[in-house]
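*Asks:* what's the 3D shape of this:
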Amino acid sequence: MPATVLDSHALVAYFRDEPGAGQVEALLTKAAQADRPLHMTEVNYAEAKYILIRKDGPAAWEAAARILVGLPIEFHPADRTLADSAGDFKSRFKLSLADAFAAALAKKHKAELVTGDPEFKAMEKEIKISWLA
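*Replies:* Down below sits the predicted model:
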């Protein structure tokens, strides 16, 4: 299983049962079976949290947070190296800052980025993207 990075779009889709939720669930299952976690930045974690709270309320986030603890996802801090790469992407592409961090993590790990966010279309030559349907 290749290294895989989730952006906040993928995590939100999973918890809200939106399009692509089944794909994310399959990736999580595969990651658990292979004992190879998926990757996500703490910045994207924060974005997923605020989206879930804003759309579904604090109780929905609390339920998601309890589930999240048991999922095979390794969270990465926004260190200086990752921030430099994210800043570079943000300066060259029309991306949110959180999306720039997800792209930077994918580049760092030579990983596939799983997303349904059309902002990443412009980055298809920079990083490998797996699109949620």
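
*Asks:* what sits against Lys128?
*Replies:* Listed by CB atoms under 8 Å, 6 or more residues apart in numbering, the contact set of Lys128 reads Ala106, Ala111, Glu112, Leu113. For the C-beta atoms, the positions are set from N, CA and C on the backbone; glycine is no exception.

*Asks:* any idea what it is bridged to?
*Replies:* Glu112 (DSSP bridges).

*Asks:* for it, give its distance to Met1.
*Replies:* Distance from Lys128 to Met1, counting by CB to CB, to the nearest Å: 14 Å.

*Asks:* can you get me a residue count around the residue nearest to Asp35 when sequence neighbours are not counted?
*Replies:* Distances taken as CB to CB, 6 or more residues apart in numbering place Pro72 nearest to Asp35, at 7.8 Å, with adjacent residues excluded. Neighbourhood size, Pro72 [other CB atoms under 10 Å]: 16.

*Asks:* dump the residue contacts of Arg36.
*Replies:* Applying CB under 8 Å, 6+ apart, we find Arg36 in contact with Met1, Ala3, Pro72.

*Asks:* where in this protein is pLDDT low?
*Replies:* Nowhere does the chain drop to pLDDT under 70.

*Asks:* 90 - rerun?
*Replies:* Along the chain, the parts satisfying pLDDT under 90 run over 1-2, 133.

*Asks:* all strands for it, in order.
*Replies:* Using DSSP state E, the strands of the chain run over 4-6, 38-41, 73-76, 112-115, 128-131.

*Asks:* want to throw these into a markdown table with distance to Asp84?
*Replies:* As requested, the strands of the chain are arranged in a markdown table below (distance: least, CB to CB, whole Å):
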| stretch | distance to Asp84 |
| --- | --- |
| strand 4-6 | 17 |
| strand 38-41 | 14 |
| strand 73-76 | 14 |
| strand 112-115 | 18 |
| strand 128-131 | 21 |
